[in-house]
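Engineer: okay, sequence plus prediction incoming.
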Amino acid sequence: MLQLCKLTDSLFISNSRSACDDKLLSGEGVTFCINVSKQQPFPALRVSTLRVPVFDDPAENLHRYFDRCADTIEDVSQQGGRTLVYCKNGRSRSASICTAYLMKYRNLSLQEAFEHVKSVRSTVDPNEGFWLQLQRYEGELQSRKTGKNYSTSG
């Protein structure tokens, strides 16, 4: 089934088949697409795009894109736009990016953010490596709030 799953008023998650359905995108007013894959296509619809070139592999460093993607989603939202985050199946990579955004800009814990994403798109299931990177990111966000120095190595 082709669908965009709405996480916030300005953020959606889907698989690549749905992301490339121009009627779905225009119907939801999507203005920006974050493609979290190395090989999935971009939609034909004229929207701004960002590619996050990672495979769904626990060894991939998705963490290094969390801030950039979260900041982009927030910037698009502040300008009145809507962002769609997608990967091949809309399960692991895109879910991790959306979870990171909710943690950073909605001040949710990792568990709260993930449960929200899962409640909207039941198939989400970040791989073990991405989950560990999200845990690290949660610690970094906490330390930014408290002003403590937090090592980002690892």
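Structural biologist: Alright, I've got the coordinates. Residues are numbered from 1 along each chain as shown.
Engineer: which strand or helix spans Ser77?
Structural biologist: helix 66-78 (DSSP states H and E).
Engineer: now do the SS call for the residue lying closest to Asp125 once chain neighbours are set aside.
Structural biologist: Distances taken as CB to CB, 6 or more residues apart in numbering place Arg91 nearest to Asp125, at 5.3 Å, with adjacent residues excluded. C-beta: built from backbone N, CA, C; applies to glycine. Arg91 falls in the coil class when you classify it by DSSP: H, G, I helix; E, B strand; the rest coil.
Engineer: list the contacts for Arg91?
Structural biologist: By CB atoms under 8 Å, 6 or more residues apart in numbering, Arg91 lies in contact with Asn15, Asp56, Thr123, Val124, Asp125, Pro126.
Engineer: again with Phe114
Structural biologist: Ala95, Thr99, Val124, Pro126, Leu134.
Engineer: for the residue lying closest to the first one once chain neighbours are set aside, grab phi and psi.
Structural biologist: Counting by CB to CB, 6+ apart, Ala95 lies nearest to Val124, which is 3.8 Å off, once chain neighbours are set aside. With angles defined as degrees, to the nearest 10, Val124 sits at phi -60, psi 140.
Engineer: neighbours of Val124, just the number please.
Structural biologist: Look at Val124: counted by other CB atoms under 10 Å, it has 21 neighbours.
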